[in-house]
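Visitor: Test case, fold it:
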Amino acid sequence: MIYNITTEIETANLDIVQLLCDLLAAATDKSASSLRALIRTVPDRPGHDRRYAALANRSREERGWQPAVSLREGLQRTISWYLSNEGWLERVATGEYRRYYDTVYNRAWNQSTE
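Guide: Residues are numbered from 1 along each chain as shown. Sure thing, here's the model as predicted:
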């Protein structure tokens, strides 16, 4: 079963990226304009995927799920978590986590097939 988890408020992708820049700037010593200057479109898709409009009907109807926070607050919380867990982020960026998962899951897979 697949459940969409969404605010159900249509927002353009570029607006979300710009909001992320603004929120990250507010949480760090970087300026929003310097972060926004880093935004690039993908050369082969400059006008594609301007927005995504997912609905949470199934989540709401079958599970009684409702968004507990706004998109802005959810992004603020996410940024705060990443800034508070830079060690985790570094391990992801270096690929260390892949080695860990490969070791754990390969071991589990090999034990289950023996």
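
Visitor: can you list the domain ranges for this protein.
Guide: As assigned by automatic domain parsing, the chain contains the domains 1-68, 69-114.

Visitor: Save those as CSV, and put in mean pLDDT too.
Guide: Output for those, formatted as CSV (pLDDT from 0 to 100):
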stretch, mean pLDDT
domain 1-68, 86
domain 69-114, 84
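
Visitor: Output those domains as CSV; include the columns mean neighbour count.
Guide: No exception for glycine: its C-beta is placed from N, CA and C like everyone else's. Below are those laid out as CSV (neighbours: other CB atoms under 10 Å):
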stretch, mean neighbour count
domain 1-68, 12
domain 69-114, 11
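
Visitor: so which strand or helix has the residue lying closest to Ser31 once chain neighbours are set aside?
Guide: Residue nearest to Ser31 in three dimensions, not counting chain neighbours: Ala25, with 5.8 Å by CB to CB, 6 or more residues apart in numbering. Assigned by DSSP states H and E, Ala25 belongs to helix 13-27.

Visitor: Contacts for the lengthiest helix in the chain next, please.
Guide: As assigned by DSSP state H, the longest helix anywhere in the chain is helix 96-113. Residues outside helix 96-113 that contact it (CB atoms under 8 Å, 6 or more residues apart in numbering) are Arg91.
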